[in-house]
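Colleague: Sequence and predicted structure are below.
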Amino acid sequence: MPHIHDSDADAAIRRAGLRVTETRRAVLAALRPDEHLGADDVFARVRDALPGTSLQSVYNALGDLSGAGLLRRIEPAGHPGRYERRVADNHHHLVCRSCGRIEDVDCVIGEAPCLQPDDTRGFVLDTADVTFWGLCAACAAPADIPQTPTKGTR
């Protein structure tokens, strides 16, 4: 089994009160800061780095790391949950309705929560999740399908 070592990841895992394990290291290493990956994609990368790692072990690590605030799980409606490393800032997401692509977008206000309801009903708010829906550039581009003349036209 290859040894995955990242002293920053180890320190972050310890600061979060978790024990450092090869699977937790591999899960953090599998996610680049600008990505939003599903558990199966994370598992594929972890399995490449740590052959023999089970899907359940990866799910456990994703849950532990998310619970500790080292990963963020986002769940766009109608799409599988995704994980990202970008945490502890005030950003939102653009989601493509067609292909499910997710991109980060910074909040224009900057401070969390960026939106305030008229009546908080006693809640102390600390964040607002905003998801923008539409079509990514690739899905919005017209298809390059050659036009076939209709029968009987010249």
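Modeller: Thanks, I have the structure now.

Colleague: going forward, measure contacts and count neighbours with C-alpha atoms only.
Modeller: OK.

Colleague: Phi and psi next, for residue 132.
Modeller: Backbone torsions of residue 132, given as degrees, to the nearest 10, read phi -100, psi 130.

Colleague: okay, now it: neighbour count?
Modeller: Around residue 132 there are 15 other residues, counting by other C-alpha atoms under 10 Å.

Colleague: Correct me if wrong: it contacts residue 100.
Modeller: No. Between residue 132 and residue 100 there is no contact, the gap being 12.0 Å when judged by C-alpha atoms under 8 Å.

Colleague: Would you mind measuring from residue 133 to residue 77?
Modeller: Using C-alpha to C-alpha, to the nearest Å, residue 133 is found at 10 Å from residue 77.

Colleague: Have a look at those two and say which one is more surrounded.
Modeller: A direct count of neighbours by other C-alpha under 10 Å for residue 133 and residue 77 places residue 133 higher, at 15 against 10.

Colleague: Beta-bridge partners for the nearest residue to the more buried one once chain neighbours are set aside, please?
Modeller: Spatially, and ignoring its direct neighbours in sequence, residue 133 is nearest to residue 95 (5.0 Å; C-alpha to C-alpha, 6 or more residues apart in numbering). Counting by DSSP bridges, residue 95 is bridged to residue 102, residue 133.

Colleague: For residue 95, the count of nearby residues, please.
Modeller: Neighbours of residue 95 (other C-alpha under 10 Å): 21.
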